[in-house]
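> How does the following fold in three dimensions:
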Amino acid sequence: MDLKTIISNFKAELPQGVTLVAVSKTHPFEAVMDAYSAGQRIFGENRVQELLPKAEALPKDIEWHLIGHLQTNKVKYIVPFVALIHSIDSFKLLKEVNKEATKCNRVVDCLLQVYIASEETKFGLNEEELFELLSNTEIISFKNCRIVGLMGMATFTENRNQIRSEFQHLKELFEKVKVKYPFLNPHFKELSMGMSSDFDIAIEEGSTLIRVGSAIFGDREYQRT
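Okay, here's the model as predicted:
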């Protein structure tokens, strides 16, 4: 099946209010352009060093999302253009985004990454850390970064009940945050969960952003351009 058909099928099946983020990590510029030609405009990258050359070379109306772990020393390279950072996992990182975005006179939307899996290799805030971060009164003074929702990755498992339970937990935290921290509203409305193997469950549990790579571009890891 060609890429245009794949993307058209995805978009046709997505419920209203759910956005497809095409994860182009490890795939060459040509693959991104094929998806772009098929009408896709929102792309996600895991690594800053891969995002930068793609953003420079590819069409400027692409909306780039940084979905992977972000180090504070890399923030300055992406805040001039990135549309959404999915992976804020510390107050220090959020503060750095605000600082660098202030220099660019931009407001950068951010998601707080929550640890919901049973795998130690994944990043994110636990529930206590999430509420501790949001209770830091300094956040209210941040004018150039905007917390617009939460992100989480479920355990890599074939146990779909476990995946569903983890997504349900993230949705519950999302609703708690909306009530407990009204200063985040009305912008706090995004829930980024679900990838190629589990996006169907994520959508059923309230995801507004699904991050899909291999189901669009295939499993092959291309040599980086």
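
> Could you point out the helix or strand that follows the longest helix belonging to the chain?
Secondary structure assigned by DSSP state H gives helix 160-180 as the longest helix of the chain. Next helix or strand after helix 160-180 toward the C-terminus (DSSP states H and E): strand 190-192.

> buried sites along whatever helix or strand comes next after that following strand?
Per DSSP H and E, the first helix or strand lying C-terminal to strand 190-192 is helix 199-204. Neighbour-count burial for helix 199-204, counted by 16 or more other CB atoms under 10 Å, picks out 199, 201, 202, 203. The C-beta positions use only the backbone N, C-alpha and C, and glycine is treated the same way.

> Based on its surroundings, how many neighbours for the closest residue to residue 149 other than its chain neighbours?
Distances taken as CB to CB, 6 or more residues apart in numbering place residue 190 nearest to residue 149, at 3.1 Å, with adjacent residues excluded. Residue 190 has 20 neighbours, counted by other CB atoms under 10 Å.

> likewise residue 71?
By other CB under 10 Å, 9 other residues sit near residue 71.

> Tell me who's in contact with it.
For residue 71, the contact set (CB atoms under 8 Å, 6 or more residues apart in numbering) comprises residue 48.

> And it, what's its pLDDT?
For residue 71, the model assigns a pLDDT of 96.

> swap in residue 13?
91.

> cool, residue 136 as well?
Reported pLDDT for residue 136: 97.

> do you know how far it is from residue 129?
Residue 136 is 11 Å from residue 129, where distance means CB to CB, to the nearest Å.
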